[in-house]
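# pasting the sequence and the predicted model now:
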Amino acid sequence: GAVVSQHPSWVICKSGTSVKIECRSLDFQATTMFWYRQFPKQSLMLMATSNEGSKATYEQGVEKDKFLINHASLTLSTLTVTSAHPEDSSFYICSARGRQRFSYEQYFGPGTRLTVT
Amino acid sequence: GNSVTQMEGPVTLSEEAFLTINCTYTATGYPSLFWYVQYPGEGLQLLLKATKADDKGSNKGFEATYRKETTSFHLEKGSVQVSDSAVYFCALSEGYGGSQGNLIFGKGTKLSVKP
């Protein structure tokens, strides 16, 4: 099956610094990638959707200048949390959807745990 | 707007017990419905799906039937195992036949199965 990786799996950073999270589709071309945020005991919240070669579409309430998304190629998307603060600590999950028969099939990465101190 | 509501956990069962996790949805159009499973330390995996009314999705002994009349997609398994311990998410994909692709998730239900 399709595999999506994320790097790093966990990261600790100091308040005010920026952190980049990578999402890669390993064995298929991802025309669309999604970034989610998951709070403890809560559902996944869609942050943004990015299509290769175009700007990301952010969900309402998500600061695009704080959460920079780049979909550089058909196998790589990055999420950069700029000037991170403790309230940005969360579990970030990406998913990817490729050129498949069923357009709704998303494949999820294992997630990245971000802790901002 | 579209939404998914699933029963809150945690749910604790003994091995070989019957499992039901309720899920209801609100949607316009004809969404596709999904159950995802998240094992400890891992990413979400698609467990099963149904794309139209009365479809039954099944996988690994789990089943769920797309009930349009009750807007439900309850997850069931006849005999759970310790290895089924995980968080289960009900989700829908908006648009006709799920063609739009964006997923809306329920809050997740944590299942713990004791030996």
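Now that the structure is in, tell me what you want to look at. Numbers count the residues shown, from 1 in each chain, chains lettered A, B, ... in the order given.

# not counting its neighbours along the chain, what's nearest A:Thr78?
Nearest residue to A:Thr78, sequence neighbours excluded (CB to CB, 6 or more residues apart in numbering or on different chains): A:Asn70, at 4.9 Å. The way it works is simple: take the backbone N, C-alpha and C, and place the C-beta from them, glycine included.

# to clarify, my last question referred to B:Tyr88.
Per CB to CB, 6+ apart, closest to B:Tyr88 is B:Thr109, 5.1 Å.

# need phi/psi at that neighbour.
phi -130, psi 120 (degrees, to the nearest 10).

# ok, the residue nearest to A:Thr78 - how many residues close by?
Close neighbours of A:Asn70, defined as other CB atoms under 10 Å in any protein chain shown, add up to 14.

# so it belongs to a strand, correct?
Yes: applying DSSP: H, G, I helix; E, B strand; the rest coil, one finds A:Asn70 inside a strand.

# what distance do you get for the residue nearest to B:Tyr88 to chain A?
11 Å (CB to the nearest CB, to the nearest Å).

# show the contacting residues for that residue.
B:6-11, B:21, B:87-89 (CB atoms under 8 Å, 6 or more residues apart in numbering or on different chains).

# just the buried ones from these?
Neighbour-count burial (16 or more other CB atoms under 10 Å in any protein chain shown) applied to the contacts of B:Thr109 gives B:6-7, B:9, B:11, B:21, B:87-89.

# what does the lowest-mean-pLDDT helix or strand in chain B rub up against?
When each helix and strand of chain B is scored by mean pLDDT, DSSP states H and E, strand B:103-105 comes last, with a mean of 89. By CB under 8 Å, 6+ apart, the residues outside strand B:103-105 that reach it are A:34, A:43-44, A:46, A:95, A:104, A:106, B:2-4, B:34, B:36, B:89-94.

# quick check: what element follows it along the chain?
strand B:109-114 (DSSP states H and E).

# look up the pLDDT of the residue nearest to A:Thr78 for me, please.
With respect to pLDDT, A:Asn70 has a value of 90.

# quick revisit: quick one: strands adjacent to the least confident helix or strand of chain B?
strand B:86-93 (antiparallel) (DSSP bridges).

# so the partner strand versus strand B:109-114, what angle?
150 degrees (axes from the mean of the first three to the mean of the last three CA atoms, to 10 degrees).

# quick one on the thing from earlier: of the contacts of B:Thr109, closest to chain A?
Comparing those against chain A with CB to the nearest CB places B:Phe89 closest, at 7.0 Å.

# the most centrally placed residue in chain B: what's it in contact with?
With the centre of chain B defined as its mean C-alpha position, the nearest residue by CA atoms, centre = their mean is B:Trp35, 3.2 Å away. By CB under 8 Å, 6+ apart, the residues touching B:Trp35 are B:23, B:46-49, B:57, B:62, B:64, B:73, B:75, B:88-91.

# would you mind measuring from it to chain A?
Between B:Trp35 and chain A the computed distance is 13 Å (CB to the nearest CB).

# would you mind getting the angle between the helix or strand containing that residue and strand B:86-93?
Taking DSSP H and E as the criterion, B:Trp35 maps to strand B:32-38. Using the same axes, to 10 degrees, the inter-axis angle of strand B:32-38 relative to strand B:86-93 is 160 degrees.
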